[in-house]
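Q: After the sequence you'll find the predicted model.
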Amino acid sequence: MAARSWFYASEGQQQGPYPEIQLRELIARGTITLETLVWTEGMANWQRVAEIPGLAPGASRPPAMPRAGTALPRTGGYSDGPLSIDLPLWSFLGRVLLLGIGSLLVIPAPWTGTAFYRWMASRTQVPGRPNFAFNGQPGDIWYVFIATGLLNYASVYDSTLQLLAIPVSAYLSWILLRWLAGNLSSNGQPLPIAFNGSAVTFIGWQLLTYISFITIIGWAWVTAAWVRWICRNISGTRREVIFNGSGLEILWRTIVLGIGCAFLIPIPWVLRWYNRWFVSQFELVERAA
């Protein structure tokens, strides 16, 4: 079990994941007691530290019954809650720059793009899904990365190609999204997740977003609705994925991001701030019956 990652409950909230060695340190310091509920992949239910042989010294006594009114996390590790992401500032900036360079040079794009998605997934905390990861390979959809890079260059030199690039780019993004959703894992086990939204509807949302720029600010509300549509078309999860961000929140944060990028120096900080907020707006909730 030493290689496993653990969660523990504190005031009814799930904390973690933590490597077992770190969990033992928390027990030794008294942060986690023998009565604390813990869970790791493979356990049917949350259990107290005292119930798990060998996890803590002196943990062989019979477990105490829970006190009345004690808030317990959901069993089986499938607790609800928002996603979060830990983005070390300079590592994040380096990954973004590498992604951009790969896109500009086109040929390296499948490798730099895949590496970026893997790193971002590894920094994302998903409730009840320890060691969340992305396992896609550069050769899976290399043509999507190459075509996207070439399309960006072509649309710069020809206005007609720029218009044609909109639906084609949207279709390539649809393929990319399906690839991302289909290659996720937790604790080394593939997750049966899939994005089932149709390509035609996805392209329609992309076109609507471009048209909404005529209103100056309407694109933010269209973007929020588009992301919610994507969430509704994610299958294979025991919980429903929802997006809580509003059009107004997307609008003012994007304006701040643009201003920060215009001054160059704040770019790393505003990029991290924006991405952290965006990821935190996704939440896992119990599916309606």
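A: On my side now, so go ahead. Numbers count the residues shown, from 1 in each chain.
Q: Now do the buried residues in stretch 273-280.
A: Going by neighbour count (16 or more other CB atoms under 10 Å), the buried part of stretch 273-280 is 273-275, 278-279. Bear in mind the C-beta positions are built from the backbone N, C-alpha and C, glycine included.
Q: ranges for the helices of the stretch 51-200 of the chain?
A: Defined through DSSP state H, counting those that start in this stretch, the helices belonging to the stretch 51-200 of the chain, from first to last, are 89-105, 109-122, 142-157, 159-181, 199-212.
Q: got the contact list for stretch 227-236?
A: Surrounding stretch 227-236, the residues in contact under the criterion CB atoms under 8 Å, 6 or more residues apart in numbering are 177, 181, 191-197, 201, 205, 240-243, 245, 282.
Q: Would you mind writing the PyMOL command to select the buried ones in the residues you listed?
A: Those of the contacts of stretch 227-236 that meet the burial criterion (16+ other CB under 10 Å) are gathered into one PyMOL selection, given here:
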select buried, resi 177+181+191+193+195+197+205+241+243+245+282
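Q: Which of the contacts of stretch 227-236 fall in strands?
A: 194-195, 240-243, 282 (DSSP state E).
Q: Out of the helices of the stretch 51-200 of the chain, flag the one nearest residue 33.
A: For residue 33, the closest of the helices of the stretch 51-200 of the chain is helix 109-122, at 30.5 Å, according to CB to CB.
Q: Next, the angle from the closest one to helix 159-181.
A: Angle of helix 109-122 versus helix 159-181, following axes from the mean of the first three to the mean of the last three CA atoms, to 10 degrees, is 50 degrees.
Q: residues of the helix or strand harbouring residue 7 that come out buried?
A: Residue 7 belongs to strand 5-10 when elements are defined using DSSP states H and E. Counting neighbours by 16+ other CB under 10 Å, one finds that the buried residues in strand 5-10 are 5-9.
Q: same thing with stretch 213-228?
A: Judged by neighbour count using 16+ other CB under 10 Å, the buried positions of stretch 213-228 are 218-224, 226-227.
Q: immediately after the helix or strand bottoming out on mean pLDDT in the chain, which helix or strand?
A: Within the chain, judged by mean pLDDT, DSSP states H and E, the helix or strand with the poorest mean is strand 13-19; its value is a mean of 78. Counting by DSSP H and E, the next helix or strand C-terminal to strand 13-19 is helix 20-29.
Q: what residues are up against residue 118?
A: With contact set as CB under 8 Å, 6+ apart, residue 118 has these partners: 133-136.
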